[in-house]
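Asks: Build me a model:
(chains A, B, C and D)
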4 protein chains.
Amino acid sequence: MNKVQLNPVGWMSQLSQLEVAQLQDTTNSKLYELFRNCCLAVLNSGVDEDNYEALFAPYDDFDVKLIRRERGVKIELINPPEVGFVDKRLVRGVHEHLFAVLRDMLFMGNKYAFIKQNTPADGPSITDMVFDMLRHAQALEGNDELNTVVCWGGHSINQTEYKYTKEVGYQLGLRELNICTGCGPGAMKGPMKGATIGHAKQRYKNGRYIGISEPSIIAAEPPNAIVNELVIMPDIEKRLEAFVRFAHGIIIFPGGVGTAEELLYLLGILMNERNAQQPFPVILTGPAGTEAYFAAIDEFIGQTLGKEAQSKYTVIVDNPVEVARTMVAGLKKVEQYRLEMGDAFSFNWSLKIDEPFQHPFIPTHKTMSELPLHHDQSVADLAVVLRQAFSGIVAGNVKAEGVKQIKEHGPFHLTGEPEMMARIDNLLKSFVAQQRMKLPGSEYRPCYTISRAN
Amino acid sequence: MNKVQLNPVGWMSQLSQLEVAQLQDTTNSKLYELFRNCCLAVLNSGVDEDNYEALFAPYDDFDVKLIRRERGVKIELINPPEVGFVDKRLVRGVHEHLFAVLRDMLFMGNKYAFIKQNTPADGPSITDMVFDMLRHAQALEGNDELNTVVCWGGHSINQTEYKYTKEVGYQLGLRELNICTGCGPGAMKGPMKGATIGHAKQRYKNGRYIGISEPSIIAAEPPNAIVNELVIMPDIEKRLEAFVRFAHGIIIFPGGVGTAEELLYLLGILMNERNAQQPFPVILTGPAGTEAYFAAIDEFIGQTLGKEAQSKYTVIVDNPVEVARTMVAGLKKVEQYRLEMGDAFSFNWSLKIDEPFQHPFIPTHKTMSELPLHHDQSVADLAVVLRQAFSGIVAGNVKAEGVKQIKEHGPFHLTGEPEMMARIDNLLKSFVAQQRMKLPGSEYRPCYTISRAN
Amino acid sequence: MNKVQLNPVGWMSQLSQLEVAQLQDTTNSKLYELFRNCCLAVLNSGVDEDNYEALFAPYDDFDVKLIRRERGVKIELINPPEVGFVDKRLVRGVHEHLFAVLRDMLFMGNKYAFIKQNTPADGPSITDMVFDMLRHAQALEGNDELNTVVCWGGHSINQTEYKYTKEVGYQLGLRELNICTGCGPGAMKGPMKGATIGHAKQRYKNGRYIGISEPSIIAAEPPNAIVNELVIMPDIEKRLEAFVRFAHGIIIFPGGVGTAEELLYLLGILMNERNAQQPFPVILTGPAGTEAYFAAIDEFIGQTLGKEAQSKYTVIVDNPVEVARTMVAGLKKVEQYRLEMGDAFSFNWSLKIDEPFQHPFIPTHKTMSELPLHHDQSVADLAVVLRQAFSGIVAGNVKAEGVKQIKEHGPFHLTGEPEMMARIDNLLKSFVAQQRMKLPGSEYRPCYTISRAN
Amino acid sequence: MNKVQLNPVGWMSQLSQLEVAQLQDTTNSKLYELFRNCCLAVLNSGVDEDNYEALFAPYDDFDVKLIRRERGVKIELINPPEVGFVDKRLVRGVHEHLFAVLRDMLFMGNKYAFIKQNTPADGPSITDMVFDMLRHAQALEGNDELNTVVCWGGHSINQTEYKYTKEVGYQLGLRELNICTGCGPGAMKGPMKGATIGHAKQRYKNGRYIGISEPSIIAAEPPNAIVNELVIMPDIEKRLEAFVRFAHGIIIFPGGVGTAEELLYLLGILMNERNAQQPFPVILTGPAGTEAYFAAIDEFIGQTLGKEAQSKYTVIVDNPVEVARTMVAGLKKVEQYRLEMGDAFSFNWSLKIDEPFQHPFIPTHKTMSELPLHHDQSVADLAVVLRQAFSGIVAGNVKAEGVKQIKEHGPFHLTGEPEMMARIDNLLKSFVAQQRMKLPGSEYRPCYTISRAN
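Replies: Purely as a prediction, here's the structure:
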């Protein structure tokens, strides 16, 4: 049995004895099982695999223990994958990621009851929790220069698209902007990789490559090698809130349902009239050849959320320099606005997020089938519902809980207004056709059915 | 009306909106009054005055407000003393101290219910709180090299003694040791001042001059100019625990009742048999001429706590180099012990402190008169009681609550075993004779009476 | 006319008025023409082109001026290529490279009469000059940890080979080794690029990517984007000496005549019996498929320089991890040796280099045709001569002076011992066949003829 | 025999083998004897003694050797004074000072022929040398913020004056200004000591306390403990030029002939009409009670150099805050001027210094008696001559060469215009009466006679 003990780093090297005791108390919890899986995912950093079962299968005998010492806590890895080691020493970056997982999932999990997701319950408390998680991860300290660009996009994109995300990242890096993504492969990795070269050319020493993940997705999207700051939020809703309050601007690359979920979430918030004055640069971009893709997205947004939603973003195809310049120009407006409002640079307190966007949506066959997919509601409410629909499909595709349900009970059923259902169906079919649902190599079997009849 | 607004620094520049709201809620509390006074004391940093009434009198119209901003909290000073300003800009060190006061008293005060001192109640929780306060003040981060020497001694000492504390500090500084004191004048300032020169000569850049205070004493002992880290513990017992767990070694200079209190506290703990194996360098030292003073102290300890207690310290008179070398040799043993035990360098978790040493003692005429001053108890218990007796006299001398009681009801009464009372009486009289009770210039009127009869 | 003025950085921001005056005096010199071309090459950093005429042709109207200010000197670029600019601001890395060129070519050139190459003349003075150049470039300061691996190899290699150099660099970076190369594309860039990822994963902040070039080659091999320290040595011989005294170990990837020149230089020195005790890790490595290439090289070395020469290097094919581990093991021996000898870590003073290796060889039709290519001399002398032969072919291929001579007078003629000539011929033909002479895309026309008859 | 070997620090840790060889060649030179004495003076840092014979007497068996190592040079001390050691380890600051002495006296001495003082000969070359010495000592790098205040004044001042220099230094330190002095005791130490406290209060981490000395004075004024940068200029004239070009403003405290020499030098330069536009804050200041002293100085200046000279300085008595504010205001004008002129912040290139101020004056009985002390010349020339007269008296008082001459041949004779001689005589007598010539404790025997007749 191969054992490796790791000394704590960062904040985790200063725990009180009660805190260590509480950590150890988690060892038998359900949360701990999740923690063990996240550690395994982190240890597989850099491996191209989005099937958690395939990823985890070879490591059945892997385990992780917390070892209490007078002075704090150590992590003990039992039979860890070799991929993260160099000459028997764990790579420093992975070492740090493991303690970030421990910090966020178990330590902060104790504070906020991660697994139950029952606290906090009201909007302001959720926002405070998001802030507290980011602050505790020391992510806010360096975020006070309005230079953080959040990049969204598919984990499964083709080589042309991947190269394009690197190009955009390079142009952002040349302008000394930092990158924050969902921290997995594909469009989450490319911009970071490109930015490192741009940063190096500008001798920009403190480049930040921040990954914000959540326990249920991390196995399908393990942190890539570039990520030098990792934060695990408790669920997808808090992860999304972290993105939009942490970001100074957002770039959206081609992607599948996950990316669509993110876009719908963002537009739903920006359409809130109390955010009308707030400048928030949003750019949709891809290489030559993605014109049709973006046209389809744009059309879908127009048909479901309307013209105003469309006004919230700019589409730029095949022009990384233009993307970067547009972002820089947008950031200047953000700066002006925040100064006027006296708002923090490091966290967008003044962005209004309605509670329906904050409460966790747990996709089940029941909740999915009951989603009110129709126009008899405000566009904000519709945005919430559409996001939830796509969120459920992401879960059915790659998240353990979702995959399990699909396996047992068959696909989720979505039903609603025929026209809307047709549009959703078309969009999803195009994602399938473009291999955006899962990493290429296996045929995609949809985890959903769509009833066009009502 | 002169107003000055201060931007938050350090940890206080990253507060959530709920936290800011909670801070503002304190504004009408009794704690806030205390906070205002601490701010005033800090603003008078460097002023030689231990009479809080004299110190505060000229600043009746001084006030401090918390101003809520979207991005955090500002401190607004109204009619502040000029002494802390240079060309209308507040000295940076004082600025930092003010936010340290806000951080510890109000922010942490909210967490731990400072004013009521009713939580936490059990020993391990109290220790955790002490750890948490030090950690939150970022005092533990740099404390991992076994180079922190806590220096205790009188705030009112003569020039020869003051010069001697500087000499000792200089020799400690030359050996790259850092200084932690109660942060006031006299023996709390001298070692810091001396160490700065020693540090400069050794090109030791990160010299630490840590002051650990508490709300009720800070007005009588405002932080001196050298202190570059300030921590406010909620009460004297937690302050003492902070000292002994934070220290890697302790030096005790001549002083009055406060110093005696500290020594009794320390010996009471070191005599605990579970601490028998723990090396803990304790040196009593003073300039030529203090032989008799230390002989009297040593005799008092021998007569009350016994020979074992005497074995816990070394007395060195008139030899700063020898003091420093003895400390360095002692620290090597501490290092060896902590490595063997796996204990942290930054916080002495393995030191056993019995609960009676941890619970706050509130000196009143009643509690003081009821102190069981006799030998019909273990020496550890006696050490607790003696410490409380001296603690009460400190309060009666200089702390606002204590001074007020004395003013209203006359001196505290101490009573007990005749022989012991005689010894206490003699010791206290010698302190009075040597002007160790209060800063010179006014006649000292004892805040206590001692009944030798039982 | 587009003008850009650049403020001095690094050492060049502190010049005396005499020094500035001397710099300006160079403006009309022949050296200045060379300086102008080096600036142009640096401004084209990242462009894939090894034909200096093609590179320079579009920039006929480019010029560079030195502007004297009371406080120092500015560089003024006139009509510079746009490639180095981001939104009209010169990329910081290129900015630094330009001042490195100014520093080394003009400032140090003044000190050492660069262009005439007539000073210094004796061996120890040449070594001192090499040391002085590296020290003045502040390259030695960070070189005291025995972690600098010099990588040699072709600027024109295929994608498989390029990817392999990245893999090796990645494994070196994971082991916190720094990379020093000739600073151009191909095998000079790959290891640096790979190392950046390895460094990032290990959170190794101060990764060094040092490029050592010389004026006559820089146009054909402009510094790649990763180079964060650039040094220009006056000629190829001093550049080679800089490599071997600066290196703690050397890795040789597949390449053409330039790489062969480097290998012959290195072996010639290591075979010096006064270097017999000196551990010096030398690894020849390439991806699967390069077995034959290395076998040919190895055979050529065996046949010309003998078995002992072959014992000086290790060949490892298709195993980046093994390469890195072998290097790490070798560096441990270097450390032991330097400690025993009391030699500096940052500069290998104790390596003995005979003068023939130090004196510049100027390839002309005459000097080339007179090279004594036979075995009637020591192997050390033969190594010198063989190096010169290859050096001349490099010049004829890509260096301005050489290309011009070939254009005017046809190919160089090499003549000597028939068997040796046959071997040289075969080796060169294989380089041609493998497209190692020039970047792919144009047919290679040899700049030499070989007479096998004597 | 007690031997201590010291590893090189700073620039001296990177020497070429030729440089080390050259250093060793100096071992038998006359310069080396001076070097040995400077080392001894530096090792006595902090000792209060200005009689070099008394200082050196106990250390007849002290010697210093240079030890050649493959990688550089070590200093070996033989029988060094114990005062600089802590537990057998040399204090880091003294260690650095020793290598500063080696760097400036021997290494730069080799470059500039220190001992002969015959090179460089012309004005611009002398200025370049001064620049080169400061640059090489890395003193210019941090001097680019217009915050360096040069403080001049006596090494022998009374306690009231010394305390006042500390007060002024404290006020300067509070305003984040750095201090540069002649690096000895008295007025050269007080401002540094005060500034350290001001810097500490403002959390100003990189406080600079620069001492500029010269070989012939260093034994009488060994660097005080605060000096963290030491530069040794070859002679008094280059030391003075270093002061005025390095300074952003100058404060002059009470002192004796040395201080008068400095003031005359400064005024002679500032009166140069080509410096008329140049703002240069000069403040004469002392505690209450120095009114008469400054009145006498002011009168002497008025009578010899005239009204214009008097306009170049401000006299402020007993007001440290006002001194600091006046300096800050003056520095703002300096900033404006340098920006307009494009002059460096770190070195005042544009200040015009006529050659007579630059050439060394060697005081002998002959040169002193021939000084043309009369008004039949420009005031600038007169300033030169007066400075030389005072410079000679400084030498006769405390410099080895001067003291020796006086011992052998009796006092120097000064002669000239009767009225001027009377004024000089009166001024000198007042210095004697105020004990400004030598440290108190011994009776002062003048090293000069003054003939009032012509």
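Asks: which residues are there in the stretch 301-450 of chain A that come within reach of chain C?
Replies: Residues of the stretch 301-450 of chain A lying close to chain C by Cβ under 8 Å from any Cβ of the partner chain are A:R325, A:V328. All C-beta atoms are positioned from the backbone trio N, CA, C, and that covers glycine.
Asks: can you map out the strands along the stretch 301-450 of chain A?
Replies: Taking DSSP state E, counting those that start in this stretch, the strands of the stretch 301-450 of chain A run over residues A:314-317, A:412-415, A:448-451.
Asks: Check those strands for me: which has the lowest mean pLDDT.
Replies: Mean pLDDT is lowest for strand A:448-451 among the strands of the stretch 301-450 of chain A, at a mean of 89.
Asks: How far does it sit from its chain's centre?
Replies: 25 Å (Cα atoms, centre = their mean, to the nearest Å).
Asks: Equivalent analysis for stretch A:83-91, please.
Replies: The answer for stretch A:83-91 is 27 Å, by Cα atoms, centre = their mean.
Asks: picking up where we left off before, point out the most buried one among the strands of the stretch 301-450 of chain A.
Replies: Among these, strand A:412-415 has the highest mean neighbour count (mean count of other Cβ atoms under 10 Å in any protein chain shown), at a mean of 20.
Asks: List the residues that contact A:Y162.
Replies: Counting by Cβ atoms under 8 Å, 6 or more residues apart in numbering or on different chains, A:Y162 touches A:G186, A:A187, A:G190.
Asks: I figured A:R239 hits A:S213, correct?
Replies: Yes. Under the criterion of Cβ atoms under 8 Å, A:R239 makes contact with A:S213 at 7.1 Å.
Asks: higher neighbour count, the two?
Replies: A:S213 (30 against 22; other Cβ atoms under 10 Å in any protein chain shown).
Asks: I'd like to know how many residues surround the closest residue to that one other than its chain neighbours.
Replies: Of all residues not flanking A:S213 in the chain, A:C183 sits nearest, at 5.1 Å (Cβ to Cβ, 6 or more residues apart in numbering or on different chains). When neighbours are defined as other Cβ under 10 Å, A:C183 has 27 of them.
Asks: From chain D, how far out is A:C183?
Replies: As judged by Cβ to the nearest Cβ, to the nearest Å, A:C183 and chain D stand 36 Å apart.
Asks: try A:Y204
Replies: 22 Å.
Asks: That residue: neighbouring residues, count only.
Replies: Close neighbours of A:Y204, defined as other Cβ under 10 Å, add up to 21.
Asks: mind listing what it touches?
Replies: By Cβ under 8 Å, 6+ apart, A:Y204 lies in contact with A:G173, A:E176, A:G198, C:R92.
Asks: surely the third one meets A:E167?
Replies: Spelled out, that is A:G198. No. Using Cβ under 8 Å, A:G198 is not in contact with A:E167; the gap is 10.1 Å.
Asks: Between the two, which is the more surrounded one?
Replies: Between A:G198 and A:E167, counting by other Cβ under 10 Å, A:G198 is the more crowded of the two (24 against 20).
Asks: so which helix or strand takes in that one?
Replies: Take DSSP states H and E as the rule and A:G198 turns out to sit in helix A:190-201.
Asks: What average pLDDT does that helix get?
Replies: Averaging pLDDT along helix A:190-201 yields 93.
Asks: Can you name the residues that contact the closest residue in space to A:A400 that isn't next to it in sequence?
Replies: Nearest residue to A:A400, sequence neighbours excluded (Cβ to Cβ, 6+ apart): A:Y52, at 5.6 Å. Each residue near A:Y52 by Cβ under 8 Å, 6+ apart is listed here: A:N37, A:A41, A:A219, A:A220, A:V398, A:A400, A:V403.
Asks: Kindly recompute the last result at 6 Å.
Replies: Residues counted as contacts of A:Y52 (Cβ atoms under 6 Å, 6 or more residues apart in numbering or on different chains) are A:A219, A:A220, A:A400.
Asks: now, which of those sits nearest chain C?
Replies: Nearest to chain C, judged by Cβ to the nearest Cβ, of those is A:A219 at 20.2 Å.
Asks: Based on its surroundings, how many neighbours for the closest one?
Replies: Neighbourhood size, A:A219 [other Cβ under 10 Å]: 25.
Asks: returning to that earlier point: which pLDDT does the model give the residue nearest to A:A400?
Replies: 73.
Asks: and it, how far is that from A:G255?
Replies: 19 Å (Cβ to Cβ, to the nearest Å).
Asks: same question, A:D144
Replies: When distance is defined by Cβ to Cβ, A:D144 is 29 Å away from A:G255.
Asks: Among the two, which residue is more densely surrounded?
Replies: Shown here are A:D144 and A:G255; by other Cβ under 10 Å, A:G255 has more neighbours (28 against 15).
Asks: Take the contacts of A:Y52 and lay them out in a markdown table including pLDDT and distance to D:D87.
Replies: Output for the contacts of A:Y52, formatted as a markdown table (pLDDT from 0 to 100; distance: Cβ to Cβ, whole Å):
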| residue | pLDDT | distance to D:D87 |
| --- | --- | --- |
| A:A219 | 79 | 57 |
| A:A220 | 79 | 60 |
| A:A400 | 85 | 62 |
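Asks: which of these lies closest to B:E161?
Replies: A:A219 (66.4 Å; Cβ to Cβ).
Asks: In terms of secondary structure, what does the helix holding A:G198 contact?
Replies: helix A:159-174, strand A:178-181 (3 or more Cβ pairs under 6 Å, 6 or more residues apart in numbering or on different chains; DSSP states H and E).
Asks: so what's the residue nearest the centre of chain A up against?
Replies: What sits nearest the mean C-alpha location of chain A, by Cα atoms, centre = their mean, is A:G182, with 3.5 Å. Each residue near A:G182 by Cβ under 6 Å, 6+ apart is listed here: A:M188.
Asks: Mind doing that once more with 7 Å?
Replies: A:M188, A:G211, A:I212, A:S213, A:E221 (Cβ atoms under 7 Å, 6 or more residues apart in numbering or on different chains).
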